[in-house]
Structures are given as C-alpha cells and as structure tokens.
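>>> one predicted model, sequence on top.
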Amino acid sequence: MKHIRYYIMALLALPLMASCGDDDYSAPTPAGNPVMSYTAPASAVWMGDEVEVKVNCKDDGGVALSTLKANLLFSGQSVDETTIRTKEAGEYTVKLKVPYAQNVPDGKVDIQLTLQNVSTKSNTETLSFDIKRPHFNNLQFVSADGVKYDMTEKSDFVYQAVLPSSKKTFKGYFATKDGKFVFGSSTGKDISLGETGNFNFTSENMSDVVVTFTL
C-alpha cells in the first residue's frame, strides 16, 4: 500500500507542476513602431496578370521586424495573399495574382499591407490601384490536333475564328500567341484561366465553322 500511495501522490503533483509552468509564461509586450513606404502601380493592371509592389520596411523603435503580410482585396474579400519573412529593414517585393473573371468591370481594388515586428506590434495600411479587363489582339483557337486559328474581336470581349471542319464535333482551347493567357477546361465545358484542357464543340455544318468565345 505504501508504494501505491507514493505513486498516487506523484501523479497528483504533475498537474500542479504544469500549472506553475503556465503561470511563468507572459506574452510579449508590443513595442516599437513598424513603418512602411510604398508606391501603388502607376498604370492599370490587367486582370489575370500579376501585380508587383515594392515595400520599404523598418521599425522606428529599433525592434527587429518579423513579417510583411499582403492581401489582395476585391470588394473587401481576399482573393490572393502572401507572407514575407522580414529579417531586417529594407525593401521587399510583394507579388500577387489579379484574378480574371468574366463580366467584372474595370475598377479599383486594394492591397492590405501589415508589417509586424517580433514584439507583435503591427502596422496595417491599404493602397488602391486600377484593374482592367484586357482586349486581346493576339488570341487564337488551338485545336486538339495543334492547329492554331487567329481570332478577331467582333465586339467587346467577343472573339471569333473560322475553322474549316469536316466533322460535326471537335475540341480545342484558347490562348494568346505569347502564351501569357490560356483559357481551357478541365470538364470540357467550364472555362478556366491557366487550364489547357480542351472544350468540346458541336456544329451542324460540315464546312466552315464559326467558333465564338466570350470573355
């Protein structure tokens, strides 16, 4: 019985030791003054392209920096984000992807920047810049057999190409000549930027076929 009693006493002591350890911990006291300087993009950024902002970071209180966080906001909603480890004061480059969405008009979007030092003191600022939907003069239809057909913008964001076809069904995707913008499908129906999967097309004609693509 003596041994059992000692074991029980030892087990009861463990929560007390853990409790004492918790009492010893104290959160860091925010200190210092994280400061940023930056310049918004001088010209509009195309949807589907990348926006780049150079941010100069420092702490006026001499406290070491920790991280620079950036959020790209569409109507207050985050659509892309990145975190950069800021080991020391200096210039850091933020790169964020501006999504391409059909039927989204030209307008302004925001980048929310948050600079934090090692004491958890942070500074948050927001910059705004213009975005535009691109008009393509080098868009092509790429058929499943690799043949490329130039497309013409017939009206705003509506592109057409004429294909000589002897089949009622065919496949392909859309891409700019430089390969910067590619519109394909993973399902054969839904459009997706950056996807090279083929769309499925059906035509009643057995000769020239007009392919229309609305962005």
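That came through fine. Numbering: from 1, shown residues only.

>>> quick one: the helices in this protein, in order.
Assigned by DSSP state H, the chain shows helices spanning 2-24.

>>> any low-confidence regions in it?
Flagging of the chain using pLDDT under 70 yields the residue ranges 1-25, 166-167, 205-206.

>>> ok, the residue nearest the centre of it to Gly90 distance?
Most central in the chain under Cα atoms, centre = their mean is Asp80, positioned 3.2 Å from the mean C-alpha point. Using Cβ to Cβ, to the nearest Å, Asp80 is found at 23 Å from Gly90. All C-beta spots, glycine's among them, are computed from the backbone N, C-alpha and C.

>>> ok, now which ones touch the residue nearest to the centre of the chain?
71-72, 96-99 (Cβ atoms under 8 Å, 6 or more residues apart in numbering).

>>> buried subset of those?
71-72, 96, 98 (16 or more other Cβ atoms under 10 Å).

>>> and of these, the nearest to Gln116?
Ranked by distance to Gln116 (Cβ to Cβ), the buried ones among the contacts of Asp80 are led by Asn71 at 13.7 Å.

>>> okay, and the beta partners of that closest one?
Beta bridges link Asn71 to Glu81, Gln112 when assigned by DSSP bridges.

>>> is it in contact with Ser78, as I believe?
Yes: using Cβ atoms under 8 Å, Asn71 is in contact with Ser78, at 4.8 Å.
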